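> Everything below, folded, please.
(one chain, ligands or ions: 1)
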Amino acid sequence: MNRIQCLSCGHQALAFDNFMDLSVEFPKKAVRITGNIDLSECLQKFIEVEKMIDCGYKCEGCKKPVNVEKDLTIYRFPKVLLIHLKRFYHSAMRKEKLNTTLVFPTKLDMSKYAPHSSKSIIKFLIFSRSSNKSEG
Ligand SMILES: [Zn+2]
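Here you go, the predicted model:
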């Protein structure tokens, strides 16, 4: 669920998408540290609230360009959820690949990534590695 909230009047614009998979990125610290990253940290990054200042977004509530905050959470889980890991990041000069080891929990409570969903437990998690193809 895409949520955009006006920081001026509090009006929320919601959008729902059906999805079968999530593309998650590694947290930025994965670039610096050597060690393991837990999948939950990638999911945490996925649902992070992003503030957009002077983005030109026009609020439907107050009918003027406003600053907004935006987040993305899971509203309804598909039967099988596929999680893509984006192992590539852009450094100053080129595309680099992260070799960070990712720790997979055997069971993951997804409820905090889906605060608006009533069904929040999924039984199976399937993981895939991102391919070498370039991502925009
Ligand atoms: Zn507004």
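> only C-alpha atoms for contact and neighbour calcs from this point on.
Noted.
> measure the most centrally placed residue in the chain to the ion for me?
The chain has F46 as the residue nearest its centroid, 2.0 Å off, counting by C-alpha atoms, centre = their mean. According to C-alpha to the ion, to the nearest Å, F46 and the ion sit 25 Å apart.
> what's that residue in contact with, if anything?
Shown in contact with F46 (C-alpha atoms under 8 Å, 6 or more residues apart in numbering): V24, E25, L72, T73.
> In those residues, find the pair that's most separated.
Using C-alpha to C-alpha, the contacts of F46 reach their maximum pairwise distance at E25 and T73, which is 14.6 Å.
> Okay, buried residues for stretch 75-94 please.
Y75, R76, F77, L81, L82, I83, H84, L85, K86, R87, F88, Y89 (16 or more other C-alpha atoms under 10 Å).
> which among those gets closest to T100?
Nearest member of the buried residues of stretch 75-94 to T100, counting by C-alpha to C-alpha, is R87, at 8.6 Å.
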